[in-house]
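Engineer: 3D, please:
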Amino acid sequence: MEYAREDSCGRPEPRPRSGQLARALRLEYVTVGWNLVEGAIAVSAAVLAGSVALLGFGIDSFVESAAGLVMIRRLHAERRHRLSEEQLQRIEDRARRLVAGSLFVLAAYVALDAVQTLWAGDQPDFSAVGVVLTCVSLAVMWWLARAKRRVAAELGSRAMAADAVQTTACWWLSLAALVGVGLNGLLGWWWADPLAALVITALVVKEGREAWSGESACCTKWGSSCSNTELKSHE
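Structural biologist: Model prediction:
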């Protein structure tokens, strides 16, 4: 729990929950905004270079933006007290299954494209833009994951904690794409790019399975997967 000031007896007072929710929302806005920019740049660079790794990385960024929008809606709902726990649960179930389905489709597409590239021997060009983008993404995702873990502890929110885990998964996706694109540029190992895409596929499938079961960024906060006692102790 983070403390903002001390009371008249010199004891620390907890930061108001409204402030914690506002901070969580700011982190989600950054997540959505960054992933939209990242996705647009990555897909453009992928098309120009013929990079399967960058393509999978870029499309996944758009899916992550959708997951971030789900978190934003749910945080706003708690902040305004407009929806019941049952209504929030139904919204969350539909949204996370939609995100999971999108991840499975993405994984299948990237896997087929990567196998086809390896089979045909199509050599992607080196993408300097891709290297710079993935390097920046590594720093941004690392910072976001740490910040989300802190605010999750303050809120007692398993949903926010799971979102931090998903952001960490994005960090690994960035690393896989960087290795593939980098090895292609440094050593001329063109096959490293589609192999990195297959690694990305495995990570995306893992994200999809967790999202479908409710353990990812759309993990339930207001339902049975999070203790009401735990939440009330932070209010």
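
Engineer: ok, residue 182 - contacts?
Structural biologist: Contact partners of residue 182, counting by C-beta atoms under 8 Å, 6 or more residues apart in numbering, are residue 131. Backbone N, C-alpha and C define where each C-beta goes, glycine included.

Engineer: what about it, distance to residue 126?
Structural biologist: Counting by C-beta to C-beta, to the nearest Å, the separation of residue 182 from residue 126 is 9 Å.

Engineer: same question for residue 99.
Structural biologist: Distance, residue 99 to residue 126, using C-beta to C-beta: 32 Å.

Engineer: likewise for residue 200?
Structural biologist: As judged by C-beta to C-beta, residue 200 and residue 126 stand 18 Å apart.

Engineer: quick one, which of those two is more surrounded?
Structural biologist: Taking other C-beta atoms under 10 Å, residue 200 and residue 126 do not tie; residue 200 has more neighbours (29 against 18).

Engineer: the more buried one contacts residue 60, correct?
Structural biologist: Yes: using C-beta atoms under 8 Å, residue 200 is in contact with residue 60, at 7.2 Å.

Engineer: quick check: neighbours shared by those two?
Structural biologist: Common neighbours of residue 200 and residue 60 (C-beta under 8 Å, 6+ apart) are residue 173.

Engineer: how near is residue 159 to residue 47?
Structural biologist: From residue 159 to residue 47 the distance is 35 Å (C-beta to C-beta).

Engineer: of those two, which one has the most company?
Structural biologist: residue 159 (27 against 12).

Engineer: with adjacent residues omitted, what lies nearest to the residue most central in space within the chain?
Structural biologist: Nearest to the geometric centre of the chain sits residue 167, at 3.9 Å (C-alpha atoms, centre = their mean). Nearest residue to residue 167 in three dimensions, chain neighbours excluded: residue 145, at 4.3 Å (C-beta to C-beta, 6 or more residues apart in numbering).

Engineer: you'd agree that neighbour is up against residue 164?
Structural biologist: Yes: with contact defined as C-beta under 8 Å, residue 145 reaches residue 164; the gap is 5.1 Å.

Engineer: and those two? Which one has more around it.
Structural biologist: residue 164 (23 against 19).

Engineer: ok, residue 163 touching residue 71?
Structural biologist: Yes: assessed by C-beta under 8 Å, residue 163 is found in contact with residue 71 at 5.7 Å.

Engineer: what's the longest helix in this structure?
Structural biologist: In the chain, taking DSSP state H as the definition, the longest helix is helix 85-120.

Engineer: that helix: how far from the chain's middle?
Structural biologist: The chain centroid and the centroid of helix 85-120 are separated by 13 Å under C-alpha atoms, centre = their mean, to the nearest Å.
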